[in-house]
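Asks: Provide a 3D model corresponding to the input given below.
(one chain, ligands or ions: 1)
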Amino acid sequence: MFFWTHDVAAAPGRRGIRFAITSRHGGRSEPPFGTMNLGGRLDDPAAVEANRTAVASAFDLPRERLLFMEQCHSADVARADGPWEGAAPRVDALVSTRGDVALAALSADCVPVLLADPVAGVVGAVHAGRPGMVARVVDRAVDALVEAGADPAETLAVVGPSVCGRCYEVPEGMRAEAAAVSPTSATVSWSGTPAIDVAAGVVDQLSAHGIRVTWVPGCTRESPHLYSYRRDGSTGRFAGIVRLVPEDAS
Ligand SMILES: [Zn+2]
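Replies: This is a model prediction of the structure:
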């Protein structure tokens, strides 16, 4: 079910945090979505819901408290204070100060970013693809965390696995557009052609705020344990998930 997990223990004056990146394994979806698909519009909705319920349960939460977004490659952020009333918001970042929800960002090559200030008790989840990196969705999410009380100097960021720079060949103009926002993101592919390292750009953006980054190794296109749109076309979505541990939990 999980590709990577990391628990930050609670301490006096600091909340516990649970970070996770899901894998393709342990779910109900059939090929080409096999098996732990958590999103997209093409798979059997009942299988996706069963998978989401299993992941919520692993986070000790009922299904409706594992919160997803209607991701649209925007730089928009929503507060998440409880289960959605109706459809999920069309945003690409969520921020919460609640310990009774978990926030999820879906990916199949894009960069899932998880944020947490254990001192202030604020968490965030961000979907940052190439358009999101260029539109600075990470900066907007950090702004929203700060508005909710977070201090970038106390904030931890997890940058999840995504398509790596070598595997993300693009037209020269597209690389130039990304380089104008983050010079670090401009790179070359396995065949030496123009490419973008979106995650490097995202790490650059986080570092500019003084945020400590944990970059989870792995390329979606190269790992059979993760979903990759570039590799497979029609495929599922894995998720980066963050939860603030409730204060009464030991
Ligand atoms: Zn790669």
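Asks: Which residues does the lowest-mean-pLDDT helix or strand in the chain contact?
Replies: Within the chain, judged by mean pLDDT, DSSP states H and E, the helix or strand with the poorest mean is helix 229-232; its value is a mean of 95. With CB atoms under 8 Å, 6 or more residues apart in numbering as the contact definition, helix 229-232 has outside contacts at P32, A108, D109, V163, C167, Y168, T220, R221, T235. No exception for glycine: its C-beta is placed from N, CA and C like everyone else's.
Asks: Keep only those that also lie close to the ion.
Replies: C167, R221 (CB under 5 Å from the ion).
Asks: Show me how to select, in ChimeraX, the buried members of the contacts of helix 229-232.
Replies: Typed into ChimeraX, the next command selects the buried ones out of the contacts of helix 229-232 (criterion: 16 or more other CB atoms under 10 Å):
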select :108,109,163,167,168,220,221,235
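Asks: Now do the following helix or strand past the least confident helix or strand of the chain: distance to the chain's middle.
Replies: Using DSSP states H and E, the helix or strand that directly follows helix 229-232 along the chain is strand 238-244. Here strand 238-244 shows a centroid-to-chain-centroid distance of 7 Å under the convention CA atoms, centre = their mean, to the nearest Å.
Asks: I'd like to know which elements strand 238-244 is packed against.
Replies: Under the contact criterion of 3 or more CB pairs under 8 Å, 6 or more residues apart in numbering; DSSP states H and E, the helices and strands touching strand 238-244 comprise strand 17-22, strand 102-107, strand 111-117, strand 122-128.
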